[in-house]
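Let me see the structure of the following:
(chains A and B)
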Amino acid sequence: MPLHDEHRRRRGRNIALGVVLGALVVLFYLITMVKMAGRAGGAG
Amino acid sequence: MTDASYSSASSIEAGNPGLDVASAASDFGARTADFIALLKPRVMFLVVFTGLVGMVVAPGALHPVLAFTALLCIAVGAGASGAINMWFDADIDAVMERTSARPIPLGRIQPSEALGFGSVLSVGSVAVMGLGVNWVAALWLAITIGFYVFVYTMWLKRRTPQNIVIGGAAGAFPPMIGWAAVTGDISLYPVLLFGIIFLWTPPHFWALALYRSDDYARAGVPMLPVVAGEAETRRQILYYSLVLVPFTLVPWLLGYTGALYGIGAALLGAGLLVLAAQIFRGSGMAAPKRMFAYSILYLFLLFALLLAERWLDLPMGFPGLAGGA
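Here you go, the predicted structure:
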(Lines give C-alpha, C1' and ligand atoms only; values in the text may rest on other atoms or scores of the structure.)
Protein backbone atom coordinates (compact mmCIF):
# COMPACT_ATOMS: atom_id res chain seq x y z
CA MET A 1 0.00 0.00 0.00
CA PRO A 2 1.50 3.44 -0.93
CA LEU A 3 2.43 5.68 1.98
CA HIS A 4 0.00 8.34 0.73
CA ASP A 5 -2.90 5.94 0.92
CA GLU A 6 -1.85 4.67 4.35
CA HIS A 7 -1.67 8.25 5.63
CA ARG A 8 -5.10 9.00 4.27
CA ARG A 9 -6.64 5.98 5.96
CA ARG A 10 -4.84 6.74 9.20
CA ARG A 11 -6.10 10.32 9.07
CA GLY A 12 -9.66 9.06 8.61
CA ARG A 13 -9.28 6.75 11.59
CA ASN A 14 -7.85 9.57 13.71
CA ILE A 15 -10.74 11.87 12.83
CA ALA A 16 -13.26 9.14 13.73
CA LEU A 17 -11.48 8.47 17.04
CA GLY A 18 -11.39 12.19 17.77
CA VAL A 19 -15.13 12.51 17.19
CA VAL A 20 -15.87 9.49 19.40
CA LEU A 21 -13.59 10.74 22.20
CA GLY A 22 -15.16 14.21 21.99
CA ALA A 23 -18.64 12.68 22.24
CA LEU A 24 -17.54 10.63 25.24
CA VAL A 25 -16.21 13.75 26.98
CA VAL A 26 -19.58 15.46 26.48
CA LEU A 27 -21.46 12.34 27.66
CA PHE A 28 -19.34 11.97 30.81
CA TYR A 29 -19.73 15.68 31.54
CA LEU A 30 -23.53 15.39 31.30
CA ILE A 31 -23.62 12.21 33.41
CA THR A 32 -21.50 13.90 36.08
CA MET A 33 -23.79 16.96 36.13
CA VAL A 34 -26.88 14.74 36.47
CA LYS A 35 -25.34 12.68 39.28
CA MET A 36 -24.07 15.74 41.16
CA ALA A 37 -27.49 17.40 40.86
CA GLY A 38 -29.11 14.20 42.17
CA ARG A 39 -26.77 14.08 45.18
CA ALA A 40 -27.24 17.80 45.93
CA GLY A 41 -31.03 17.30 45.83
CA GLY A 42 -30.77 14.27 48.12
CA ALA A 43 -28.53 16.12 50.60
CA GLY A 44 -30.93 19.05 50.94
CA MET B 1 -13.28 -2.33 -2.06
CA THR B 2 -10.16 -4.45 -1.50
CA ASP B 3 -6.82 -3.06 -0.33
CA ALA B 4 -5.52 -3.45 -3.89
CA SER B 5 -8.33 -1.42 -5.39
CA TYR B 6 -7.93 1.18 -2.67
CA SER B 7 -4.28 1.56 -3.73
CA SER B 8 -4.91 1.75 -7.44
CA ALA B 9 -7.68 4.29 -6.97
CA SER B 10 -5.44 6.51 -4.87
CA SER B 11 -2.51 6.25 -7.32
CA ILE B 12 -4.66 7.39 -10.21
CA GLU B 13 -6.04 10.27 -8.21
CA ALA B 14 -2.71 11.28 -6.62
CA GLY B 15 -1.96 13.90 -9.25
CA ASN B 16 -5.16 15.86 -8.72
CA PRO B 17 -5.58 17.51 -5.27
CA GLY B 18 -9.29 18.26 -5.80
CA LEU B 19 -10.02 14.70 -6.71
CA ASP B 20 -7.82 13.54 -3.84
CA VAL B 21 -9.86 15.40 -1.23
CA ALA B 22 -13.12 14.12 -2.71
CA SER B 23 -11.72 10.61 -2.84
CA ALA B 24 -10.48 10.81 0.77
CA ALA B 25 -13.94 11.91 1.89
CA SER B 26 -15.55 9.14 -0.11
CA ASP B 27 -13.12 6.55 1.30
CA PHE B 28 -13.82 7.81 4.82
CA GLY B 29 -17.56 7.53 4.22
CA ALA B 30 -17.22 4.01 2.81
CA ARG B 31 -15.03 2.88 5.72
CA THR B 32 -17.49 4.38 8.21
CA ALA B 33 -20.37 2.57 6.48
CA ASP B 34 -18.42 -0.70 6.67
CA PHE B 35 -17.77 -0.31 10.39
CA ILE B 36 -21.45 0.51 10.93
CA ALA B 37 -22.37 -2.64 8.97
CA LEU B 38 -20.20 -4.63 11.41
CA LEU B 39 -22.56 -3.53 14.18
CA LYS B 40 -25.55 -5.23 12.48
CA PRO B 41 -27.75 -2.11 12.67
CA ARG B 42 -30.98 -3.89 11.71
CA VAL B 43 -30.62 -6.33 14.60
CA MET B 44 -29.61 -3.45 16.84
CA PHE B 45 -32.92 -1.65 16.23
CA LEU B 46 -35.04 -4.41 17.80
CA VAL B 47 -32.55 -4.85 20.64
CA VAL B 48 -32.61 -1.14 21.48
CA PHE B 49 -36.39 -1.01 21.19
CA THR B 50 -36.97 -3.94 23.57
CA GLY B 51 -34.39 -2.41 25.93
CA LEU B 52 -36.30 0.88 25.82
CA VAL B 53 -39.54 -0.93 26.68
CA GLY B 54 -37.80 -2.60 29.63
CA MET B 55 -36.84 0.87 30.86
CA VAL B 56 -40.28 2.41 30.34
CA VAL B 57 -42.26 -0.36 32.07
CA ALA B 58 -39.89 -0.46 35.06
CA PRO B 59 -41.13 1.27 38.20
CA GLY B 60 -39.37 4.55 38.86
CA ALA B 61 -37.76 7.01 36.53
CA LEU B 62 -34.36 7.59 35.04
CA HIS B 63 -32.98 11.00 34.10
CA PRO B 64 -33.13 11.42 30.29
CA VAL B 65 -29.33 11.70 30.08
CA LEU B 66 -28.91 8.42 31.98
CA ALA B 67 -31.68 6.76 29.93
CA PHE B 68 -29.92 7.85 26.74
CA THR B 69 -26.63 6.52 28.11
CA ALA B 70 -28.22 3.16 28.97
CA LEU B 71 -29.74 2.82 25.49
CA LEU B 72 -26.49 3.86 23.85
CA CYS B 73 -24.62 1.22 25.85
CA ILE B 74 -27.19 -1.46 24.93
CA ALA B 75 -26.91 -0.48 21.24
CA VAL B 76 -23.11 -0.36 21.24
CA GLY B 77 -22.80 -3.58 23.28
CA ALA B 78 -25.17 -5.42 20.93
CA GLY B 79 -23.34 -4.04 17.90
CA ALA B 80 -19.96 -4.94 19.36
CA SER B 81 -20.97 -8.56 19.87
CA GLY B 82 -22.18 -8.54 16.24
CA ALA B 83 -18.75 -7.34 15.11
CA ILE B 84 -16.99 -10.11 17.06
CA ASN B 85 -19.49 -12.59 15.59
CA MET B 86 -18.55 -11.41 12.08
CA TRP B 87 -14.85 -11.84 12.92
CA PHE B 88 -15.37 -15.40 14.18
CA ASP B 89 -17.80 -16.41 11.42
CA ALA B 90 -15.94 -14.81 8.51
CA ASP B 91 -15.34 -18.25 6.93
CA ILE B 92 -19.07 -19.13 7.13
CA ASP B 93 -20.19 -15.69 5.99
CA ALA B 94 -18.04 -15.94 2.86
CA VAL B 95 -19.85 -19.05 1.59
CA MET B 96 -23.39 -18.05 2.56
CA GLU B 97 -25.32 -15.98 0.04
CA ARG B 98 -27.14 -14.06 2.79
CA THR B 99 -23.91 -12.91 4.44
CA SER B 100 -21.36 -12.87 1.62
CA ALA B 101 -21.70 -9.10 1.18
CA ARG B 102 -20.58 -8.36 4.74
CA PRO B 103 -17.45 -6.17 5.09
CA ILE B 104 -15.01 -8.95 6.07
CA PRO B 105 -15.85 -11.44 3.27
CA LEU B 106 -15.64 -8.54 0.80
CA GLY B 107 -12.16 -7.68 2.10
CA ARG B 108 -13.14 -4.17 3.09
CA ILE B 109 -12.30 -4.72 6.74
CA GLN B 110 -9.54 -6.97 8.04
CA PRO B 111 -10.67 -9.66 10.53
CA SER B 112 -8.26 -8.29 13.16
CA GLU B 113 -9.79 -4.82 12.75
CA ALA B 114 -13.27 -6.25 13.37
CA LEU B 115 -12.06 -8.13 16.46
CA GLY B 116 -10.35 -5.04 17.86
CA PHE B 117 -13.35 -2.84 17.08
CA GLY B 118 -15.80 -5.28 18.68
CA SER B 119 -13.64 -5.91 21.75
CA VAL B 120 -13.03 -2.22 22.48
CA LEU B 121 -16.72 -1.39 22.07
CA SER B 122 -17.77 -4.37 24.24
CA VAL B 123 -15.53 -3.37 27.13
CA GLY B 124 -16.33 0.32 26.61
CA SER B 125 -20.11 -0.16 26.60
CA VAL B 126 -20.03 -2.22 29.81
CA ALA B 127 -17.69 0.25 31.52
CA VAL B 128 -19.79 3.28 30.56
CA MET B 129 -22.99 1.49 31.63
CA GLY B 130 -21.42 0.66 35.01
CA LEU B 131 -19.91 4.08 35.65
CA GLY B 132 -22.77 6.11 34.22
CA VAL B 133 -25.91 4.11 35.05
CA ASN B 134 -25.37 1.20 37.47
CA TRP B 135 -23.32 -1.98 37.75
CA VAL B 136 -26.32 -4.37 37.76
CA ALA B 137 -27.28 -3.19 34.27
CA ALA B 138 -23.59 -3.36 33.30
CA LEU B 139 -23.40 -6.96 34.54
CA TRP B 140 -26.45 -7.96 32.45
CA LEU B 141 -24.97 -6.19 29.43
CA ALA B 142 -21.71 -8.10 29.94
CA ILE B 143 -23.66 -11.37 30.25
CA THR B 144 -25.53 -10.55 27.02
CA ILE B 145 -22.33 -9.86 25.08
CA GLY B 146 -20.57 -12.90 26.57
CA PHE B 147 -23.53 -15.16 25.86
CA TYR B 148 -23.75 -14.08 22.23
CA VAL B 149 -20.00 -14.28 21.59
CA PHE B 150 -18.89 -17.30 23.63
CA VAL B 151 -22.03 -19.43 24.10
CA TYR B 152 -23.83 -18.85 20.78
CA THR B 153 -21.14 -17.87 18.25
CA MET B 154 -18.16 -19.89 19.44
CA TRP B 155 -19.79 -22.87 21.13
CA LEU B 156 -23.28 -23.66 19.84
CA LYS B 157 -23.65 -22.27 16.33
CA ARG B 158 -21.52 -24.87 14.55
CA ARG B 159 -22.31 -27.78 16.88
CA THR B 160 -26.03 -28.22 17.45
CA PRO B 161 -29.41 -27.52 15.82
CA GLN B 162 -30.41 -26.12 19.22
CA ASN B 163 -27.98 -23.24 18.55
CA ILE B 164 -30.61 -20.55 18.15
CA VAL B 165 -32.86 -22.00 20.88
CA ILE B 166 -30.23 -21.58 23.61
CA GLY B 167 -28.37 -18.77 21.87
CA GLY B 168 -31.63 -16.87 21.56
CA ALA B 169 -31.22 -15.89 25.20
CA ALA B 170 -28.65 -13.32 24.10
CA GLY B 171 -31.27 -11.42 22.11
CA ALA B 172 -33.77 -11.75 24.95
CA PHE B 173 -31.74 -9.99 27.66
CA PRO B 174 -32.19 -6.31 26.58
CA PRO B 175 -35.54 -5.72 28.39
CA MET B 176 -33.84 -7.01 31.56
CA ILE B 177 -30.92 -4.62 31.01
CA GLY B 178 -33.35 -1.73 30.48
CA TRP B 179 -35.26 -2.66 33.64
CA ALA B 180 -32.04 -3.00 35.66
CA ALA B 181 -30.87 0.40 34.40
CA VAL B 182 -33.90 1.99 36.11
CA THR B 183 -34.36 -0.16 39.22
CA GLY B 184 -30.90 -1.58 39.87
CA ASP B 185 -32.35 -5.09 40.19
CA ILE B 186 -34.39 -7.73 38.35
CA SER B 187 -37.93 -8.93 39.15
CA LEU B 188 -40.43 -11.31 37.58
CA TYR B 189 -41.83 -8.91 34.97
CA PRO B 190 -38.57 -8.37 33.01
CA VAL B 191 -37.96 -12.11 33.22
CA LEU B 192 -41.35 -12.62 31.51
CA LEU B 193 -40.32 -10.19 28.77
CA PHE B 194 -37.09 -12.17 28.43
CA GLY B 195 -39.21 -15.33 28.12
CA ILE B 196 -41.32 -13.84 25.32
CA ILE B 197 -38.28 -13.01 23.16
CA PHE B 198 -36.63 -16.32 24.08
CA LEU B 199 -39.66 -18.32 22.87
CA TRP B 200 -40.09 -16.07 19.83
CA THR B 201 -36.55 -16.66 18.56
CA PRO B 202 -36.83 -20.31 17.37
CA PRO B 203 -39.91 -19.91 15.12
CA HIS B 204 -38.47 -16.65 13.79
CA PHE B 205 -35.07 -18.09 12.83
CA TRP B 206 -36.33 -21.51 11.76
CA ALA B 207 -38.69 -19.81 9.31
CA LEU B 208 -35.62 -18.12 7.82
CA ALA B 209 -33.61 -21.36 7.96
CA LEU B 210 -36.34 -23.20 6.03
CA TYR B 211 -35.91 -21.10 2.91
CA ARG B 212 -32.18 -20.64 3.42
CA SER B 213 -31.36 -24.25 4.28
CA ASP B 214 -29.11 -24.71 1.21
CA ASP B 215 -27.11 -21.73 2.35
CA TYR B 216 -26.69 -23.15 5.86
CA ALA B 217 -25.90 -26.65 4.53
CA ARG B 218 -23.19 -25.26 2.24
CA ALA B 219 -21.63 -23.45 5.20
CA GLY B 220 -21.90 -26.52 7.43
CA VAL B 221 -24.08 -24.80 10.02
CA PRO B 222 -26.33 -27.44 11.63
CA MET B 223 -29.58 -25.52 11.53
CA LEU B 224 -32.69 -27.60 12.21
CA PRO B 225 -33.81 -27.98 8.54
CA VAL B 226 -30.31 -29.15 7.61
CA VAL B 227 -30.02 -31.70 10.42
CA ALA B 228 -33.59 -32.83 11.12
CA GLY B 229 -35.27 -32.02 7.82
CA GLU B 230 -37.96 -29.68 6.61
CA ALA B 231 -40.95 -31.55 8.07
CA GLU B 232 -39.49 -31.59 11.60
CA THR B 233 -38.65 -27.88 11.37
CA ARG B 234 -42.20 -27.06 10.30
CA ARG B 235 -43.50 -29.09 13.28
CA GLN B 236 -41.14 -27.36 15.72
CA ILE B 237 -42.18 -23.91 14.46
CA LEU B 238 -45.79 -24.82 15.23
CA TYR B 239 -44.92 -26.22 18.70
CA TYR B 240 -42.92 -23.15 19.71
CA SER B 241 -45.66 -20.84 18.41
CA LEU B 242 -48.24 -22.78 20.44
CA VAL B 243 -46.15 -22.19 23.57
CA LEU B 244 -45.22 -18.59 22.72
CA VAL B 245 -48.70 -17.16 22.17
CA PRO B 246 -50.20 -18.21 25.55
CA PHE B 247 -46.96 -17.16 27.24
CA THR B 248 -47.33 -13.61 25.87
CA LEU B 249 -50.60 -13.38 27.84
CA VAL B 250 -48.98 -14.22 31.19
CA PRO B 251 -47.94 -10.60 31.96
CA TRP B 252 -51.59 -9.60 31.54
CA LEU B 253 -52.88 -12.48 33.67
CA LEU B 254 -50.39 -11.56 36.41
CA GLY B 255 -51.50 -7.93 36.32
CA TYR B 256 -48.31 -6.43 34.95
CA THR B 257 -50.05 -5.15 31.81
CA GLY B 258 -53.54 -4.00 30.82
CA ALA B 259 -56.28 -5.03 28.42
CA LEU B 260 -54.75 -3.14 25.47
CA TYR B 261 -51.68 -5.33 25.60
CA GLY B 262 -53.64 -8.47 26.49
CA ILE B 263 -56.16 -8.22 23.66
CA GLY B 264 -53.50 -6.98 21.24
CA ALA B 265 -51.19 -9.89 22.13
CA ALA B 266 -54.05 -12.35 21.61
CA LEU B 267 -54.90 -10.93 18.17
CA LEU B 268 -51.27 -10.69 17.05
CA GLY B 269 -50.72 -14.20 18.40
CA ALA B 270 -53.67 -15.50 16.39
CA GLY B 271 -51.96 -14.18 13.26
CA LEU B 272 -48.73 -15.92 14.24
CA LEU B 273 -50.56 -19.21 14.86
CA VAL B 274 -52.29 -19.02 11.47
CA LEU B 275 -48.92 -18.61 9.78
CA ALA B 276 -47.39 -21.42 11.87
CA ALA B 277 -50.29 -23.68 10.86
CA GLN B 278 -49.80 -22.74 7.19
CA ILE B 279 -46.12 -23.62 7.48
CA PHE B 280 -46.97 -26.93 9.16
CA ARG B 281 -49.58 -27.93 6.58
CA GLY B 282 -47.86 -26.60 3.48
CA SER B 283 -44.70 -27.52 1.66
CA GLY B 284 -43.75 -24.30 -0.14
CA MET B 285 -41.56 -21.45 1.03
CA ALA B 286 -44.14 -18.66 0.80
CA ALA B 287 -45.47 -19.29 4.32
CA PRO B 288 -41.99 -19.41 5.97
CA LYS B 289 -41.09 -16.14 4.23
CA ARG B 290 -44.32 -14.57 5.48
CA MET B 291 -43.65 -15.92 8.98
CA PHE B 292 -40.14 -14.46 9.05
CA ALA B 293 -41.39 -11.01 8.07
CA TYR B 294 -44.49 -11.18 10.30
CA SER B 295 -42.54 -12.40 13.34
CA ILE B 296 -40.42 -9.22 13.30
CA LEU B 297 -43.54 -7.05 13.12
CA TYR B 298 -45.19 -9.25 15.77
CA LEU B 299 -42.44 -8.72 18.35
CA PHE B 300 -42.20 -5.02 17.56
CA LEU B 301 -45.96 -4.49 17.98
CA LEU B 302 -46.11 -6.61 21.14
CA PHE B 303 -43.53 -4.40 22.81
CA ALA B 304 -45.04 -1.26 21.27
CA LEU B 305 -48.30 -2.13 23.07
CA LEU B 306 -46.44 -2.25 26.39
CA LEU B 307 -44.98 1.14 25.62
CA ALA B 308 -48.36 2.58 24.60
CA GLU B 309 -50.01 1.38 27.82
CA ARG B 310 -47.42 3.13 29.97
CA TRP B 311 -47.48 6.35 28.01
CA LEU B 312 -51.30 6.44 27.93
CA ASP B 313 -51.32 5.52 31.63
CA LEU B 314 -53.95 2.83 31.07
CA PRO B 315 -55.18 0.65 33.96
CA MET B 316 -53.20 -2.55 34.49
CA GLY B 317 -54.39 -6.01 35.40
CA PHE B 318 -56.63 -8.77 34.11
CA PRO B 319 -60.38 -8.20 34.84
CA GLY B 320 -61.27 -9.88 38.13
CA LEU B 321 -57.64 -10.31 39.20
CA ALA B 322 -55.55 -7.98 41.33
CA GLY B 323 -53.00 -5.78 39.54
CA GLY B 324 -49.40 -6.89 39.86
CA ALA B 325 -47.25 -3.96 38.88
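
per-residue confidence for residue 2?
Going with chain A. On the pLDDT scale, A:Pro2 is placed at 62.

sorry, should have said chain B
pLDDT recorded at B:Thr2 is 39.

And for B:Trp206?
For B:Trp206, the pLDDT comes out at 97.

For it, the count of nearby residues, please.
Neighbourhood size, B:Trp206 [other C-beta atoms under 10 Å in any protein chain shown]: 26. Where you see a C-beta, it was placed from the backbone N, CA and C, and this is true even at glycine.

Please tell me how far it sits from chain A.
Counting by C-beta to the nearest C-beta, to the nearest Å, the gap from B:Trp206 to chain A is 38 Å.

so who does that residue touch?
The contact partners of B:Trp206, taken as C-beta atoms under 8 Å, 6 or more residues apart in numbering or on different chains, are B:164, B:223-225, B:233, B:236-237, B:240.

what does B:Asp93 give?
B:86, B:99-100, B:102, B:104-105.

what sits against the one residue in the stretch 101-250 of chain B that gets nearest to chain A?
Closest contact between the stretch 101-250 of chain B and chain A, by C-beta to the nearest C-beta, is at B:Gly132 (4.5 Å). Neighbouring residues of B:Gly132 by C-beta under 8 Å, 6+ apart: A:27-28, A:31, B:66, B:69-70, B:73.

Which one of those residues sits in the busiest neighbourhood?
Compared across these, B:Ala70 has the highest neighbour count, 28 neighbours, by other C-beta under 10 Å.

And for the closest residue to that residue other than its chain neighbours, the neighbour number?
Excluding the flanking residues, the one nearest B:Ala70 by C-beta to C-beta, 6 or more residues apart in numbering or on different chains is B:Ala181, at 3.9 Å. Per other C-beta under 10 Å, the neighbour tally for B:Ala181 reads 29.

again, but for A:Val20
When neighbours are defined as other C-beta under 10 Å, A:Val20 has 12 of them.

The residue in the stretch 201-325 of chain B that chain A sits nearest to and B:Phe173, how far apart?
Closest approach between the stretch 201-325 of chain B and chain A, counting by C-beta to the nearest C-beta: B:Arg310, at 22.2 Å. Distance, B:Arg310 to B:Phe173, by C-beta to C-beta, to the nearest Å: 20 Å.

before we move on, what SS does the closest residue to B:Arg108 other than its chain neighbours have?
Closest residue to B:Arg108 apart from its sequence neighbours, by C-beta to C-beta, 6+ apart: B:Asp34 at 4.7 Å. Of the three states, B:Asp34 takes helix according to DSSP: H, G, I helix; E, B strand; the rest coil.

most surrounded residue in the contacts of B:Trp206?
Going by other C-beta under 10 Å, B:Ile237 tops those with 29 neighbours.

still on that earlier bit, can you pick out the residue with more neighbours from B:Arg310 and B:Phe173?
Each of B:Arg310 and B:Phe173 has its neighbours counted (other C-beta under 10 Å); B:Phe173 has more, 29 against 18.

Report all helices and strands that whatever helix or strand B:Ser81 lives in contacts.
Following DSSP states H and E, one finds B:Ser81 within helix B:64-88. Contact here means 3 or more C-beta pairs under 8 Å, 6 or more residues apart in numbering or on different chains; DSSP states H and E; on that basis helix B:64-88 packs against helix A:3-43, helix B:17-38, helix B:41-57, helix B:111-132, helix B:135-146, helix B:174-183.

and the third one, which residues are buried?
Residues of helix B:41-57 classed as buried under the neighbour-count rule (16 or more other C-beta atoms under 10 Å in any protein chain shown) are B:44, B:46-57.

roughly how far apart are the residue lying closest to B:Trp179 once chain neighbours are set aside and B:Pro225?
Among residues not flanking B:Trp179 along the chain, B:Pro190 sits closest, at 3.9 Å (C-beta to C-beta, 6+ apart). B:Pro190 sits 32 Å away from B:Pro225, going by C-beta to C-beta.

what does B:Ala217 give?
8 Å.

Any stretches of chain B with poor pLDDT?
Filtered on pLDDT under 70, chain B yields the residue ranges B:1-25, B:320-325.

what's the single longest helix in it?
Taking DSSP state H as the criterion, chain B has its longest helix at helix B:286-312.
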